[in-house]
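K.L.:
how would this look folded up:
(one chain, ligands or ions: 1)
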Amino acid sequence: MTRVITFGTFDVFHIGHVNMLVRAAEMGDHLTVGVSSDELNFSKKGRYPVYREEHRMAIVKSLACVDQVFVEESLELKGQYIKEHSADILVMGDDWAGKFDHWNDLCKVVYLPRTAEVSTTDIIQSIREELG
Ligand code: C2G
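P.N.:
Sure thing, here's the model as predicted:
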């Protein structure tokens, strides 16, 4: 049984998120997703996600390709999460290419291409413009 792990915020859930999770699931038999906490987002980006943590977790958990979700509290804890979830493969979008190569000693690290021309930031911006 091959266990895959991936991480993300998955705020204002869109097709790029679906594509990434479906492809990650196809790489193994079991997919675990670390959903970044509201506090982790605030510390990284200086703003909270539009959808709060519990809602982002519930949306990701409801997908047929996802077996398990947990809260990612810190970017620094990836090694611990990989071990706790017995992951064989860490899958990340290629916006993170090279950033997690050092976890190759714990599991295989794979970067998949992002879906072009869709992002949470652009969606938020277009709604702002539409309503503003
Ligand atoms: N994604 C994608 N195509 C897009 C947008 C996102 O393939 N157009 C992928 C990202 O590459 C990532 C996943 O969807 O693998 C979730 O994206 P984000 O919510 O933007 O995740 P991020 O904030 O980068 O994750 O440890 C990582 C952190 O949790 C941060």
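
K.L.:
Could you find the closest non-adjacent residue to the closest residue to the ligand within the chain?
P.N.:
Residue of the chain nearest the ligand, by CB to the nearest ligand atom: residue 93 (1.7 Å). C-beta: built from backbone N, CA, C; applies to glycine. With sequence-adjacent residues excluded and distances taken as CB to CB, 6 or more residues apart in numbering, residue 93 is closest to residue 114, at 4.8 Å.

K.L.:
ok so the one you found is a helix residue?
P.N.:
No: under DSSP: H, G, I helix; E, B strand; the rest coil, residue 114 falls outside any helix and is assigned coil.

K.L.:
which ones are touching it?
P.N.:
Applying CB atoms under 8 Å, 6 or more residues apart in numbering, one finds that residue 114 lies in contact with 16, 20, 93, 94, 95.

K.L.:
do stretch 67-84 and the ligand meet?
P.N.:
Yes: using CB under 6 Å from any ligand atom, we find that stretch 67-84 touches the ligand at 72, 75.

K.L.:
ok, residue 110 - how many residues close by?
P.N.:
Other residues near residue 110 come to 16 when the count uses other CB atoms under 10 Å.

K.L.:
per-residue pLDDT, it?
P.N.:
On pLDDT, residue 110 comes in at 98.

K.L.:
Would you mind listing the residues in contact with it?
P.N.:
Contacts for residue 110 (CB under 8 Å, 6+ apart) come out as 27, 89, 90, 91, 92.

K.L.:
so what's the third one bridging to?
P.N.:
Going back to what we said before, that points to residue 90. Per DSSP bridges, the residues bridged to residue 90 are residue 5, residue 109.

K.L.:
burial of it, as a residue count?
P.N.:
By other CB under 10 Å, the residues close to residue 90 number 24.

K.L.:
How about the residues of this structure by the ligand?
P.N.:
7-11, 16-17, 19-20, 36, 72, 75, 92-93, 95, 114-115, 118-119.

K.L.:
Grab the nearest non-local neighbour of residue 59.
P.N.:
Here the residue nearest residue 59, using CB to CB, 6+ apart, is residue 13, at 5.1 Å.

K.L.:
Perfect, I'm done here.
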